[in-house]
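**Q** Build me a model from this:
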Amino acid sequence: MKTSLLKILISMTLVGISIPTFATDPIRIEKRCEDDSLSSSAAFGRNDWAQKCKYITHRTWDFNVNDDYGNRRGRPFYPSFYEPNNFDHWFKAPTTKAANCGRGAGDKYTKILTCLASCYTPDQKLLFPEGELTIYDAFSRQVKKIVTLDDAASLNNLQYTTRPVSAYSESVRDVLHEILVIKTQNGGQLKVTPNHPLLVSSGHMKNAEDLKVGDSLISQNGTFDSIVSIKSTEFFGKVYNVRPDSSGENGVSLNGQIVIAQGFLSGSMYYQNTGAYHVNRLVLRDNLPEDLL
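**A** The predicted structure follows:
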């Protein structure tokens, strides 16, 4: 188990969040959470509903919605409900506090999985050693390597390397997703779920839903491309994601989990789940003068 995942699981245990027995299979969790993918506002509502109905404790609610400083998380954790002994039978729980407390027919969906997920529509292109491929094509072919930022890369000196693909994820079934279509001044376009992490010109990782017109994404060549429009639409189907293998002696390389999507620097599956605490933080810095190191 990766160190980052272990830390989150330990934190969840300390605040009383039950950890499923399959927690060592993060890709299976990814697929389920993508089926029950929520925007941040809907995730807050899910937590409020679950606390009202006493399905989670106040302590768990606080962990899910607030960070270590008591501020609302940019990307909250949220509970997803499934049937005991049958992980594939699950319940699309309410996302408003006022909803009734039933958990499906017979109130049988009593097990809880904690989610934090987001991903790409199948037509979005990522950069692989052989060139750009749609995420669907790469998944279908099980392409073994992907291009990521190099460990030595900085905000003003982008460098790239090739890393093995640790895993792909695909939604278990076709479902309706909210998608943000982001267009930039230089003609770029991205289609991602609202809580998909993207790298902005300050070097911070931001959720797509927290971006606004005038913010700048970072292009593959290091230039900044200003956002000119962000529109919400719906997509019915499966969504996909990928996680590079950037593990090393010192844990997961954050640069190694930054991929190139539609020509822009984007967070991988890692930033969307086990490394989600890095969202809204500075992850790519300028070069520092040697006397400051």
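**Q** Not counting its own residues, what contacts the lengthiest strand in the chain?
**A** Ranked by residue count, the top strand of the chain under DSSP state E comes out as strand 224-237. By C-beta atoms under 8 Å, 6 or more residues apart in numbering, the residues outside strand 224-237 that reach it are 121-122, 171, 174-186, 188, 191, 194, 201, 208, 211-219, 264. Any C-beta I mention is one placed from the backbone N, CA and C, and that applies to glycine too.
**Q** and these, which are buried?
**A** 121-122, 171, 175, 177-184, 188, 191, 194, 208, 211, 215-219, 264 (16 or more other C-beta atoms under 10 Å).
**Q** Helix, strand, or coil at the closest residue to residue 61 other than its chain neighbours?
**A** Spatially, and ignoring its direct neighbours in sequence, residue 61 is nearest to residue 51 (4.3 Å; C-beta to C-beta, 6 or more residues apart in numbering). Per DSSP: H, G, I helix; E, B strand; the rest coil, the secondary structure class of residue 51 is helix.
**Q** Any regions of this protein where pLDDT drops low?
**A** Applying pLDDT under 70 to the chain flags the ranges 1-32, 34, 39, 74-75, 116-118, 171-173, 272-277, 279-280, 286-293.
**Q** one more time with 80
**A** Residue ranges of the chain with pLDDT under 80: 1-41, 67-69, 71-76, 87-88, 116-119, 169-177, 195, 269, 271-293.
**Q** For this protein, which segments count as helices?
**A** Ranges of helices in the chain, per DSSP state H, are 3-14, 26-35, 40-52, 58-65, 135-141, 269-272.
**Q** still on that earlier bit, C-alpha coordinates for the longest strand of the chain, PDB please?
**A** Coordinates of each C-alpha in strand 224-237 appear next as PDB, following Å, rounded to 0.1, in the frame of the first residue of the first chain:
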ATOM      1  CA  PHE A 224       0.000  30.400 -19.600                       C
ATOM      2  CA  ASP A 225      -3.400  30.300 -21.400                       C
ATOM      3  CA  SER A 226      -6.200  32.400 -20.000                       C
ATOM      4  CA  ILE A 227      -9.600  30.800 -19.500                       C
ATOM      5  CA  VAL A 228     -12.300  32.600 -21.600                       C
ATOM      6  CA  SER A 229     -15.400  30.500 -20.800                       C
ATOM      7  CA  ILE A 230     -16.500  27.700 -18.500                       C
ATOM      8  CA  LYS A 231     -19.800  26.000 -19.300                       C
ATOM      9  CA  SER A 232     -21.600  23.200 -17.600                       C
ATOM     10  CA  THR A 233     -23.100  20.400 -19.600                       C
ATOM     11  CA  GLU A 234     -24.200  16.800 -19.200                       C
ATOM     12  CA  PHE A 235     -22.600  13.600 -20.500                       C
ATOM     13  CA  PHE A 236     -24.100  10.200 -20.400                       C
ATOM     14  CA  GLY A 237     -21.700   7.300 -20.500                       C
END
